[in-house]
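Student: Just to be clear, the model below is a prediction. Sequence and coordinates:
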Amino acid sequence: MAKDRDAITDLIIYLQRFAQWAIALQRPDGLWSVFADEPALTPDTAGSAGIAAALALGAKHGWLDDQAKAAARKTLAGLQPHLDLQELAMENISTLSREVSFSPGRPGGVASALKTRMNDRKQKKRAAVPSRCDFDQ
């Protein structure tokens with residue numbers, strides 16, 4: 001048992017070191033770049049979500065301080081503008097094509113249908129985005 005406790009303590013220490021490193025490299029928009037130590041590069045939304053999840057869980061379990069919780073919240077805010085685009089990219093295009101082909105009265109064709117769909121999704125997303133995260137509980 002003592003061996004297990006030592007291993008867990010070592011992991012927590014590693015997590016705390018990782019958190020300090022990651023928080024120092026977080027961009028002003030709340031995300032991390034595709035190469036974390038090169039902030040001028042493109043932001044990595046999936047990687048940023050993973051880092052924020054680790055920070056949030058560490059804070060929730062008491063292994064990390066409030067700075068980690070704040071960084072996770074900052075990432076959540078930074079990801080918001082990207083959520084609609086990701087969902088649209090994952091959407092089944094054939095469904096959208098059927099909507100366009102069976103909607104002859106819709107002016108503008110595909111572009112109009114995409115814009116309408118994106119606006120509808122934005123409205124639904126705004127209603128569904130949590131104001132609090134699980135790590136606040």
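Tutor: All right, it came through fine.
Student: show me what contacts Gln67?
Tutor: For Gln67, the contact set (C-beta atoms under 8 Å, 6 or more residues apart in numbering) comprises 19, 23. The way it works is simple: take the backbone N, C-alpha and C, and place the C-beta from them, glycine included.
Student: host element of it?
Tutor: Using DSSP states H and E, Gln67 falls within helix 66-90.
Student: Then Gly30?
Tutor: Applying DSSP H and E, one finds Gly30 in no helix or strand.
Student: can you count the residues close to it?
Tutor: 19 (other C-beta atoms under 10 Å).
Student: wait, what's in contact with it?
Tutor: Neighbour list for Gly30: 48, 71, 74-79 [criterion: C-beta under 8 Å, 6+ apart].
Student: Make a PyMOL selection of the buried ones in those.
Tutor: Paste this into PyMOL to select the buried members of the contacts of Gly30, with burial taken from 16 or more other C-beta atoms under 10 Å:
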select buried, resi 48+71+74+75+76+78+79
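Student: So Lys74 sits against Gln26, correct?
Tutor: Yes: applying C-beta atoms under 8 Å, one finds Lys74 in contact with Gln26, separated by 6.8 Å.
Student: where in this protein is pLDDT low?
Tutor: Applying pLDDT under 70 to the chain flags residues 1-2, 84-118, 121-137.
Student: Could I get the full set of helices for it?
Tutor: Assigned by DSSP state H, the chain shows helices spanning 2-25, 45-60, 66-90, 93-101, 109-128.
Student: Could you name the helices and strands sitting against the second one?
Tutor: On a contact count with 3 or more C-beta pairs under 8 Å, 6 or more residues apart in numbering; DSSP states H and E, helix 45-60 meets helix 2-25, helix 66-90.
Student: related to what we said a few turns ago, looking at the contacts of Gly30, which one is closest to Ala59?
Tutor: Ala71 (9.0 Å; C-beta to C-beta).
Student: Near the residue nearest to Trp63 when sequence neighbours are not counted, how many other residues are there?
Tutor: Leaving aside its chain neighbours, Trp63 sits nearest to Ile12 (4.9 Å; criterion: C-beta to C-beta, 6 or more residues apart in numbering). When neighbours are defined as other C-beta under 10 Å, Ile12 has 15 of them.
Student: Kind regards, and thank you for your time.
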